[in-house]
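[1] What shape does this take:
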Amino acid sequence: MNRNTRIAIIGAGLGGLVAGALLQQRGYRPRIFEQAPEFSRLGAGINLSPNVMKILREIGLEPRLLDIGIRPKSWVSRDLTTGEILFEYRMRDVMEPTFGAPYITIHRGDFHEALNSTVDSASVEFGKRVVSIEQFPDSVCLNFQHEPNVEVDFAIGADGIDSVVREALLGPELPKYTGYVAHRSIFPISRLGDMTLDDFCKWWSDDVHDDRHIVVYFLDNRREEVYFVTGVPEAEWDHGLSFVDVDLDELRAAFDGFHPNVERLVGACPSATKWPLFEREPLPLWSKERVVLLGDACHPMKPHMAQGAAMAIEDAAVLVRCLEHCDADLSAAFGLYEQSRKDRASLVQEHSRLNKFLRFPMDPTWVFGYDALTQTLGIPSNV
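    Numbers count the residues shown, from 1 in each chain. Presented below is the predicted three-dimensional model:
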């Protein structure tokens, strides 16, 4: 692939920025188009597991992330009613030496800001909303709202669950609402007084049909901010793909009668948002001619394994490897990418839907032991 190849990345989210950073490292000059008017610090937590950290190490981010985020001592799974420990998976002293990289929890906004620093600032163009895409034998035309069109040699669709790029390839189809919502809140640990928290804890309901849970962890290594995200059944959702502010009485009622520490936690939060959980069935294709998809544009999933961002970042790393491996043959590169990634992404989608990961003792090597930088291309792998 010629270093002057005109590459467009649509979406400056996590997968798009990693793809941009990896391409720039290799001498390419992708243009990254983002519809938002500017970068903003979105309020949520994110998990960076060893399979992701190896890629972030490749683009030079590991020291910065270690300086900001926290390396949890353990992943603790507890019964939502009794508080009994169902499983404790030691991260710092077992996971890190086993998989050769740390597990970090961090504020998503801090992570996104760090990722922004890995790409040439001039390559990210804000306020660029793609409304349609036209493909020609030798190029792709990106049509923007209220902006001049741009012609490129190929385009990477990293524009999320409501992807315009996916729609251009496969036609309009809304993602499927799962019947669950996620409440999210970040607040100072001081609001909990003398209450003791695990570094990382997932509380599980014992009712498999209800599947209610709450995940709680710190966002910084000073342990000053605590974050929680829930999974709560809600039969209908009438607010499109967007989130809404939470009625705190409704949130507290969702965990009324469960363990006192959980009641105290949700009772202490000053505000929260509620997000619908959507997913799609595995797509029939990941690319078409000169356009290819990655991340949530391709395989959105429930957040219950904390691997959605990881899959986007793995996609980016494997896609860049395939583009280099196949040189100027886009069809071969995109086919090799899908062959290398589809089985793994689909399996993580399925396990995220089932919501059983690390609830009880199990070996997570198939998730955390995967290395997108060295995995043999073209061989479907779930390891």
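[2] following the helix or strand where Leu251 lies, which helix or strand shows up next?
    Assigned by DSSP states H and E, Leu251 belongs to helix 248-254. Next along the chain after helix 248-254, taking DSSP H and E as the criterion, comes helix 260-268.
[3] Can you tell me which helices and strands the longest strand seen in the chain packs against?
    Looking across the chain with DSSP state E, the single longest strand is strand 176-188. Strand 176-188 is packed against strand 225-233, strand 273-279, with contacts defined by 3 or more CB pairs under 8 Å, 6 or more residues apart in numbering; DSSP states H and E. For the C-beta atoms, the positions are set from N, CA and C on the backbone; glycine is no exception.
[4] For the stretch 51-200 of the chain, which segments are assigned as strands?
    For the stretch 51-200 of the chain, applying DSSP state E, counting those that start in this stretch gives strands covering 74-79, 85-90, 104-107, 124-126, 130-136, 139-144, 150-152, 154-157, 176-188, 200-204.
[5] export the longest one as PDB, just CAs?
    Read that as strand 176-188. These are the backbone C-alpha positions of strand 176-188, laid out as PDB (Å, rounded to 0.1, in the frame of the first residue of the first chain):
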ATOM      1  CA  LYS A 176     -32.000  -4.500  18.500                       C
ATOM      2  CA  TYR A 177     -33.000  -3.300  22.000                       C
ATOM      3  CA  THR A 178     -32.100  -6.000  24.500                       C
ATOM      4  CA  GLY A 179     -34.700  -5.200  27.100                       C
ATOM      5  CA  TYR A 180     -32.000  -3.900  29.500                       C
ATOM      6  CA  VAL A 181     -30.700  -0.500  30.500                       C
ATOM      7  CA  ALA A 182     -27.500   0.600  32.100                       C
ATOM      8  CA  HIS A 183     -27.400   3.300  34.800                       C
ATOM      9  CA  ARG A 184     -24.100   5.100  35.000                       C
ATOM     10  CA  SER A 185     -22.800   7.400  37.700                       C
ATOM     11  CA  ILE A 186     -19.400   8.900  38.800                       C
ATOM     12  CA  PHE A 187     -19.000  10.600  42.100                       C
ATOM     13  CA  PRO A 188     -16.400  11.400  44.800                       C
END
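[6] that older thread, please tabulate the helices and strands packed on strand 176-188 in CSV and include mean neighbour count as additional columns.
    Listed next are the helices and strands packed on strand 176-188 as CSV, based on neighbours: other CB atoms under 10 Å:
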stretch, mean neighbour count
strand 225-233, 21
strand 273-279, 20
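[7] Just put these in a markdown table and tack on mean pLDDT and distance to Ala182.
    Listed next are these as a markdown table, based on pLDDT from 0 to 100; distance: least, CB to CB, whole Å:
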| stretch | mean pLDDT | distance to Ala182 |
| --- | --- | --- |
| strand 225-233 | 96 | 5 |
| strand 273-279 | 94 | 5 |
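[8] how about the ones you listed in CSV, adding distance to Trp75?
    As requested, the helices and strands packed on strand 176-188 are exported to CSV (distance: least, CB to CB, whole Å):
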stretch, distance to Trp75
strand 225-233, 15
strand 273-279, 21
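[9] before we move on, back to that, can you list contacts of the longest strand of the chain?
    The contact list for strand 176-188 (CB atoms under 8 Å, 6 or more residues apart in numbering) reads 43-45, 107, 211, 219, 224-235, 237, 246, 251, 254, 268-281, 302-303, 353.
[10] now stretch 373-380
    Counting by CB under 8 Å, 6+ apart, stretch 373-380 makes contact with 54-55, 58, 317-318, 321-322, 325, 336, 339-340, 342-344, 381, all of which sit outside it.
[11] Please list only the buried members of those residues.
    Neighbour counting with 16 or more other CB atoms under 10 Å marks 54-55, 58, 317-318, 321-322, 336, 340, 342, 344 as buried within those.
[12] count of neighbours near Gly100?
    Look at Gly100: counted by other CB atoms under 10 Å, it has 14 neighbours.
[13] Name the residues of the longest helix belonging to the chain that are buried.
    Taking DSSP state H as the criterion, the chain has its longest helix at helix 330-354. By neighbour count, with 16+ other CB under 10 Å as the criterion, the buried positions of helix 330-354 are 330, 333-338, 340-342, 344-346, 348-349, 351-352.
[14] In terms of secondary structure, what does it contact?
    Counting contacts by 3+ CB pairs under 8 Å, 6+ apart, helix 330-354 packs against strand 273-279, strand 287-288, helix 308-325.
[15] What is the last one packed up against?
    Helix 308-325 sits against helix 14-25, strand 45-48, helix 50-58, helix 330-354, with contacts defined as 3+ CB pairs under 8 Å, 6+ apart.
[16] so what's the most centrally placed residue in the chain up against?
    Centroid-nearest residue in the chain, with CA atoms, centre = their mean: Ala309, separated by 1.7 Å. Counting by CB under 8 Å, 6+ apart, Ala309 makes contact with 14-15, 46-48, 52, 295.
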